[in-house]
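[1] Next one to model:
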Amino acid sequence: MLDLYKLQVFLTAARAGSFSAAAERLYVTQPAVSQHVGDLEALLGRTLFVRGRRGVSLTPHGQRLAEYAERIFALVGEAEAALTDVSRITEGRVALGATPGIAIYLAPDWITRFRGRYPHLSVALQTGVTREILQAVLGGRIDIGLIEGELDPLPDPRLAVETLQEVEQVVVVGRKHPLWGAEEVPLSALDRASLIARTPGSQTRAWLDAALKSAGVQPMIAAEFDQIEAIKRAVGSGMCLTIMPVYAVQSEVEQGTLRTVRIAGAPLIRRLKVIYDSSAPLTPVAGVFVTMLRDMFADQGSRS
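    Below you'll find the model as predicted:
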């Protein structure tokens, strides 16, 4: 009879493309992964992987076993999700990944709310750019991704994407900036303006560059930072502006150190999204976290 743990090791290696990557995800050694896969091959009398210098790939027999394994673990997950009463289990964990703005300004409150409802459960949060979060979700290293990055086209058919909220992006200025007293400005007013932006290569920077270019707006890039807090400090102490979501500057606006200026006519919008691997059911703990987010944003929408 097939050992489910060995089957899980096999499937993890198949998804990861190498025994070493599978070992990292399973918190075991690479020899242990090799041993479990070797045991399966001996039991079945089939070679499941082609071993190479750069990793492993499935043989036709390995591909067939992987398809069965996907179905087996999907059924196991469905059974667990259907029958588990999360409020009664004594321990459990959900692993989240979030892009920087969400991780810093939104996720801590969500985690606090979740822990208030389920104090016996734990939450792990890691921060990464959109690309890293996608890879972690599809690689099984995290249960849920929370992003604002654009996903057009969808990078993988296994990826499930739910939009929680549209997030307006606003101009942010400090007290020394001429726009400090403005309520709103047209996007064209930012042409040749001194802008502090995220570093090239980030999804946020790519999105902003594309949005400004499509509007025929070409600001002067005064500085580039990879940290949101650094951008805010630079804007607050100088004559430059930036563009970011309202939630990222809420504290500074309340303190009077920064001011938001809406973009008139056609505001810049990004979408707050939750993503997960649809090829396997969410764990019960991850499932209740997603349900909490859906309910929370549905309530916000009904009040708006």
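
[2] If residue 195 is in a bridge, with which residues?
    On the basis of DSSP bridges, residue 195 is bridged to residue 221, residue 241.

[3] Give me the neighbour count for it.
    Residues lying near residue 195 (other CB atoms under 10 Å) number 22. All C-beta spots, glycine's among them, are computed from the backbone N, C-alpha and C.

[4] Show me the chain divided up by domain.
    Annotated domains of the chain cover 4-83, 93-165+271-303, 166-269 [automatic domain parsing].

[5] Reformat those domains as CSV; add mean pLDDT.
    Listed next are those as CSV, based on pLDDT from 0 to 100:
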stretch, mean pLDDT
domain 4-83, 90
domain 93-165+271-303, 90
domain 166-269, 94
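
[6] Who does the closest residue to residue 261 other than its chain neighbours form a beta bridge with?
    Counting by CB to CB, 6 or more residues apart in numbering, the nearest residue to residue 261 once its immediate chain neighbours are dropped is residue 171, at 4.2 Å. Beta-bridge partners for residue 171, by DSSP bridges, are residue 243, residue 261.

[7] and residue 171, what does it touch?
    Contacts here follow CB atoms under 8 Å, 6 or more residues apart in numbering; on that basis residue 171 touches 179, 185, 190, 241-243, 260-263.

[8] Now do the same contact list for residue 283.
    By CB under 8 Å, 6+ apart, the residues touching residue 283 are 77, 80-81, 92, 94, 143.

[9] What are the phi and psi values at the residue of the chain most remote from its centre?
    Relative to the mean C-alpha coordinate of the chain, counting by CA atoms, centre = their mean, the farthest residue is residue 45 (40.4 Å). When read as degrees, to the nearest 10, the backbone of residue 45 gives phi 70, psi 30.

[10] where along this protein do the strands fall?
    For the chain, the strands defined by DSSP state E occupy 49-52, 55-58, 93-98, 122-127, 144-147, 159-174, 184-186, 194-198, 220-225, 241-245, 258-264, 268-277.

[11] Reformat the ones you listed as JSON lines; add distance to residue 252.
    Formatted as JSON lines, the strands of the chain follow (distance: least, CB to CB, whole Å):
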{"stretch": "strand 49-52", "distance to residue 252": "52"}
{"stretch": "strand 55-58", "distance to residue 252": "47"}
{"stretch": "strand 93-98", "distance to residue 252": "21"}
{"stretch": "strand 122-127", "distance to residue 252": "20"}
{"stretch": "strand 144-147", "distance to residue 252": "22"}
{"stretch": "strand 159-174", "distance to residue 252": "8"}
{"stretch": "strand 184-186", "distance to residue 252": "19"}
{"stretch": "strand 194-198", "distance to residue 252": "14"}
{"stretch": "strand 220-225", "distance to residue 252": "16"}
{"stretch": "strand 241-245", "distance to residue 252": "11"}
{"stretch": "strand 258-264", "distance to residue 252": "4"}
{"stretch": "strand 268-277", "distance to residue 252": "19"}
